[in-house]
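A.B. asks: kindly return the folded structure for what I paste below:
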Amino acid sequence: MRDQTFNDDFRTQLDLLMRLRRDVRRFRTDPVDEAVLTRCLDTFRLAPSVGLSEPWRVVRVESDAARAAALQNFETANADALAGYSGARAERYGRLKLTGMREAPVQLAVYCDDGTEKGHGLGAATMPEMRRYSVVTAVTLFWLALRAEGLGLGWVSVLDPALLNRDLNVPDDWALIGYFCVGWPERVSRTPELELKGWEERMPDLPIETR
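C.D. replies: Modelled structure (predicted):
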């Protein structure tokens, strides 16, 4: 295969895609076409991984019982997180919508198989966390593929991983990378919702240091 040179139009569209990639918390309940979801999930296999270990493991959370347990997990963790703030910051936190778990038609728990023998430990002996970084890279490709289809992804991190692992009955050597809500966003914005709600602002420049 010859090297592919991309033109300015492609680079402009890629830049727009990355700018419109948002952490979505507000979803419509419309179903997601299975073929579209499968096409997006296939991007996991395009991701780089340390030692070609491909340590990603995806669990579709579909049963009412599993979803109820995950939602209760979030609500408990969210209440604990709120208790850690005070004053105006607590009020602001309490107004945030931090999950679309009640509305999102597709919900996934993505894991790293820390015990995988695939890759024969290459690159992970000194930095075993590289397997988890590999999964995060795969999630990023998945995220962009979803956005290109008009779909959104919400990354839920306010929960107890150990409890979720037990509720989903996953192997002991699987480490949770994230619980993800997938569906059609209510709206599309270039600005993160946390910035719109006054929680935090983006840094104006990338901090780069020279040593």
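A.B. asks: chain center to stretch 53-63, what's the gap?
C.D. replies: When distances are taken as C-alpha atoms, centre = their mean, to the nearest Å, stretch 53-63 is centred 12 Å away from the chain's centroid.
A.B. asks: can I get that stretch as CSV, trimmed to CA atoms?
C.D. replies: Below are the C-alpha coordinates for stretch 53-63, written out as CSV (Å, rounded to 0.1, in the frame of the first residue of the first chain):
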residue,chain,number,x,y,z
SER,A,53,-1.3,-7.5,23.4
GLU,A,54,-4.8,-6.1,22.5
PRO,A,55,-5.9,-6.2,26.2
TRP,A,56,-9.3,-4.6,25.7
ARG,A,57,-12.4,-6.5,26.9
VAL,A,58,-15.9,-5.1,26.3
VAL,A,59,-18.9,-6.0,28.3
ARG,A,60,-22.4,-5.0,27.0
VAL,A,61,-24.5,-4.1,30.0
GLU,A,62,-28.1,-4.9,28.9
SER,A,63,-30.1,-6.7,31.6
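A.B. asks: so which bits of it are buried?
C.D. replies: Ser53, Glu54, Pro55, Trp56, Arg57, Val58, Val59, Val61 (16 or more other C-beta atoms under 10 Å). Using the backbone N, CA and C atoms, a C-beta is placed for each residue, glycine as well.
A.B. asks: wait, the third one sits on Cys112?
C.D. replies: Yes - contact status for Pro55 versus Cys112: in contact at 4.9 Å, counting by C-beta atoms under 8 Å.
A.B. asks: so what sits against both of those two?
C.D. replies: Arg131, Arg132, Ser134, Val135 (C-beta atoms under 8 Å, 6 or more residues apart in numbering).
A.B. asks: dump these into JSON lines; add distance to Ala79 and pLDDT as well.
C.D. replies: As requested, the shared contacts of Pro55 and Cys112 are exported to JSON lines (distance: C-beta to C-beta, whole Å; pLDDT from 0 to 100):
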{"residue": "Arg131", "distance to Ala79": "32", "pLDDT": "98"}
{"residue": "Arg132", "distance to Ala79": "28", "pLDDT": "98"}
{"residue": "Ser134", "distance to Ala79": "33", "pLDDT": "98"}
{"residue": "Val135", "distance to Ala79": "28", "pLDDT": "98"}
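A.B. asks: report the buried members of the residues you listed.
C.D. replies: Arg131, Arg132, Ser134, Val135.
A.B. asks: so which of those residues are in helices?
C.D. replies: Under the assignment DSSP state H, these contribute Arg131, Arg132, Ser134, Val135 to helices.
A.B. asks: which helix or which strand is home to the nearest residue to the second one once chain neighbours are set aside?
C.D. replies: Translated: Arg132. Nearest non-adjacent residue to Arg132, counting by C-beta to C-beta, 6 or more residues apart in numbering: Cys112, 4.5 Å away. Taking DSSP states H and E as the definition, Cys112 sits inside strand 106-113.
A.B. asks: over to Ala162?
C.D. replies: Ala162 is part of helix 161-168, with elements assigned from DSSP H and E.
A.B. asks: neighbouring strands for whichever helix or strand comes after that helix, and are they parallel or not?
C.D. replies: Using DSSP H and E, the helix or strand that follows helix 161-168 in sequence is strand 174-183. Applying DSSP bridges, strand 174-183 is found paired with strand 106-113 (antiparallel), strand 152-156 (antiparallel).
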